[in-house]
Structure formats: structure tokens, C-alpha cells
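Q: Dropping a prediction and its sequence here:
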Amino acid sequence: MVRVEKDNLESSSSSTPLSDAAVRVLRTLGLNVQSDLDFSAGSNPGRISIVHGTTAEVIWCDEIGHETTSTSQFATTLNLSPVAGDWVSIRDGYIISVSARTTELRRPGATPGDVQVLAANIDVVLVVLPIDRDLNVLMLERLAVMAFDSGATPIVVLTKADGTDIVESIVAEAQETVPGVDVMTTSSASGQGIERLRSILHEGVTAVMLGASGAGKTSLLNALEGSEELTAQVSRSGEGRHATTTRRLYRLSSGGVLLDIPGIRLLDLTIGQQGLDDAFADITELAMNCRFTDCAHSGDEGCAVEAAVASGELSARRLESWRSIRDEMVSQELSREQEVSSRKKKGRGSKPRPAPSYDDED
């Protein structure tokens, strides 16, 4: 295996270090000085841009730094199903290994209990919400949970700021909803906040835009790059033709990488305990004073959270939202356990893929 670690290139006795030219290409794909990646010996390193079934578009380079974009199939011995943002090893037109992920943005899969990974190895999650029709607090809370759960750093980006006269109050509401998270306002029409966003998306940073269809994500990308990606009108209900129908990596002129993904619905939320705790940091902090460590904040004796609601320190709506998301988390965990149990009973194994096998020990 070949390892890229900080600014030094290390390798095992059976492999050759990556060249400086190859590292320069990987830097444009989001490699940062803290990266610690393994690539298979005798292969070419690259990053997934788009996945289509059992093939993926990969941007990769050879040992002299020559860059190529190609559609590659999955090898039968592939250790992990790749997604956009994955670092992979390419050999003879096949993806033969996927490097260990640092972060994952996830949502529920098509089958109850399953989880679909939308993007991997992201540093920043831009939680994008429009404010021309006020702030959707419920959506913000849930997307924040999803962002925190990924392991990346969330930043709230309020779009269409030119469409409202109460920007300051909406920003204050957003800050109260996700305590401790940076909140910024933008306007693709006027350019407000665009330079600040560019400064965040510098070299070595991989970001993803997370938001509902019609939130202005594609317009934001256009404003960042002066590009003309497809945009389409979406109705107030979210119905209509959506601009982004796949996942794709964009190398930005600011030096960073932006991963654009389809719009997210409220039902697309995958919840983890850490994400819930971080997104509701105010409740998490109050809960430290509850009489019981497993307090459910629902009629429990000595509950500091409910006491905070009674005193007006915490809004009842905030606690009710926490309860709703917590209940969904419990339900998802139960579904996953049932699905795993069902698959074991049926003896399902991994799905075979029509591609050759490679032995990395050669």
C-alpha cells in the first residue's frame, strides 16, 4: 500500500511513493496536508466524481502526474461500494480499492433499515436554506443533525437574502436554532456573501451543499464560479423539475472542491446520537443537570430540560422537535436491527459484480 501522510510520502517495502506531480493533482481534488490515505500498490490514485450503478467516473493520475477522467467498473473484490468523494485506486480500468473514509453524509436507503451514503471525505457541510419566504426552522434543525452526524463541520448558508427585509431577525433565529454553528447570508443575484464563501472553500477543503430542492444550491454554485449550471423552477411544495439529479465534484477557482448533490427532503434524514447531541447542543447541555442520566425529557422526575421549558429558558417547540427527531432515531435503529436479522436468516451475501478479481498482495 502507498500512504500519503501530511507533506511526507511514505510507503511499504512493496510499493513506490507517489510523485510530487501526482500529489499536486490530488491536491486539486481536495487532498489536504492532514490527509492519511492508502492506495493499492501498482495502481493509480484518484477520486470519485459520479457513481452510476456498478461504474463510476473517476479523476485519477499516473505516476508522472498526467490526469485522466474515465468511467471505471468495480472490481469483484472491492472492499467498499464507492460514492462521490471517495479516494480510490485504479488499475486497468477498474476500481480495485476504496481508501478508508474520514466522514460520510448519509440518508435512509430504499430498503427499511438500510443507509445510503451520499458523499464521503467531506470537510464542510453547507446547510443551504432560502429565506425569501422566511426560515424553515424544522428543516434547519434536521439538516443540522444530518450535517453533524456526517462528522464534517456544518455551516448554515441562508440564500436569497435579497428577497427579504428582515435578514437580521432571520439570522438571529437561525443562530438560536443551531447554537455554535456559523450562519452566513448570501444572494446569488447581488453577490452578497459570495466572497466570504469563497474564502471558506480554499485548497484542501471538500464541501457539500445540503438542502431541499429549490434552496438555491445550483445558483450558489453559479455565483461562486460564474458558471451556468442547469437551474429549473421548483414549486412552493418542492414539486417540479429539479436542477441536480446526480452527485458531482466541482474543482473551484478558490482552490477547494464542492460536491453538489440532489435536494434533500425531511424524510431523508439519517440520525445518529452524536449528530442529535451536537445539533441540539442547548438541550444536551441542560440534560447534564437532569437527575437521571437516561432522562427522556418527557415527564421524568428531576428533568432539567423540562424545567428550562417551564421557566422560559428553552422553547417548548425546540424540545418537541428534539423529541420527534429522537423518536425517529430510535425507529431507524430498530429498522436496521430488523433488517440485519432478516438478511442473516435469508443468508444474503454481498452482491457479485461482473468484473475481474485483483490480489493486492502481489
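A: In hand now; what should we look at? What you see is a predicted model, and the numbers here were worked out from it, not measured in a lab.

Q: any idea of the mean pLDDT for stretch 27-35?
A: Here stretch 27-35 scores 84 as its mean pLDDT.

Q: now do the same end-to-end measure for it.
A: For stretch 27-35, the separation between the terminal residues is 10 Å (Cα to Cα, to the nearest Å).

Q: Can we start the residue count at 17 from this point?
A: Okay, residue one is now 17; in that scheme the one you just asked about reads as stretch 43-51.

Q: how about that stretch: buried residues?
A: 44-47, 51 (16 or more other Cβ atoms under 10 Å). Just so you know, the C-beta spots here come from the backbone N, C-alpha and C atoms, and that holds for glycine as well.

Q: want to try JSON lines for these, with distance to Asp198 as columns?
A: Below are the buried residues of stretch 43-51 laid out as JSON lines (distance: Cβ to Cβ, whole Å):
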{"residue": "Thr44", "distance to Asp198": "26"}
{"residue": "Leu45", "distance to Asp198": "25"}
{"residue": "Gly46", "distance to Asp198": "20"}
{"residue": "Leu47", "distance to Asp198": "24"}
{"residue": "Ser51", "distance to Asp198": "24"}
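
Q: can I get the residues you listed in CSV with secondary structure and distance to Arg214?
A: Below are the buried residues of stretch 43-51 laid out as CSV (DSSP: H, G, I helix; E, B strand; the rest coil; distance: Cβ to Cβ, whole Å):
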residue, secondary structure, distance to Arg214
Thr44, helix, 16
Leu45, coil, 18
Gly46, coil, 16
Leu47, coil, 20
Ser51, coil, 22
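
Q: Do a quick rundown of the helices in the stretch 167-316 of the chain.
A: Remark: helices assigned in the stretch 167-316 of the chain by DSSP state H, counting those that start in this stretch are 183-193, 210-216, 233-241, 289-295, 297-303.

Q: After the last one, which helix or strand is next?
A: Along the chain past helix 297-303, the next helix or strand (assigned with DSSP states H and E) turns out to be helix 320-327.

Q: Beyond that next one, next helix or strand please.
A: Heading C-terminal from helix 320-327 (DSSP H and E), you reach helix 332-362.

Q: chain center to that following helix: distance?
A: In this view, helix 332-362 has its centroid 20 Å away from the chain centroid, taken as Cα atoms, centre = their mean, to the nearest Å.

Q: Equivalent analysis for stretch 169-179, please.
A: Centroid separation between stretch 169-179 and its chain, computed with Cα atoms, centre = their mean, is 17 Å.

Q: Repeat that for stretch 213-228.
A: On Cα atoms, centre = their mean, the centre of stretch 213-228 falls 11 Å from the chain's centre.

Q: In that stretch, which of the residues would be classed as buried?
A: 213-214, 216-217, 221-228.

Q: show me where pLDDT drops low in the protein?
A: 17-33, 50, 125-129, 243-263, 278-287, 352-356, 359, 362-378 (pLDDT under 70).

Q: As a quick check, tell me the outermost residue of it.
A: Glu317 (38.0 Å; Cα atoms, centre = their mean).

Q: quick one: contacts for it?
A: 307-308 (Cβ atoms under 8 Å, 6 or more residues apart in numbering).

Q: Now do it against Ala323, distance only.
A: Distance of Glu317 to Ala323, computed by Cβ to Cβ, to the nearest Å: 11 Å.

Q: hmm, back to that, need the winner for burial among the helices of the stretch 167-316 of the chain.
A: Greatest average neighbour count among the helices of the stretch 167-316 of the chain goes to helix 233-241 (a mean of 21), per mean count of other Cβ atoms under 10 Å.
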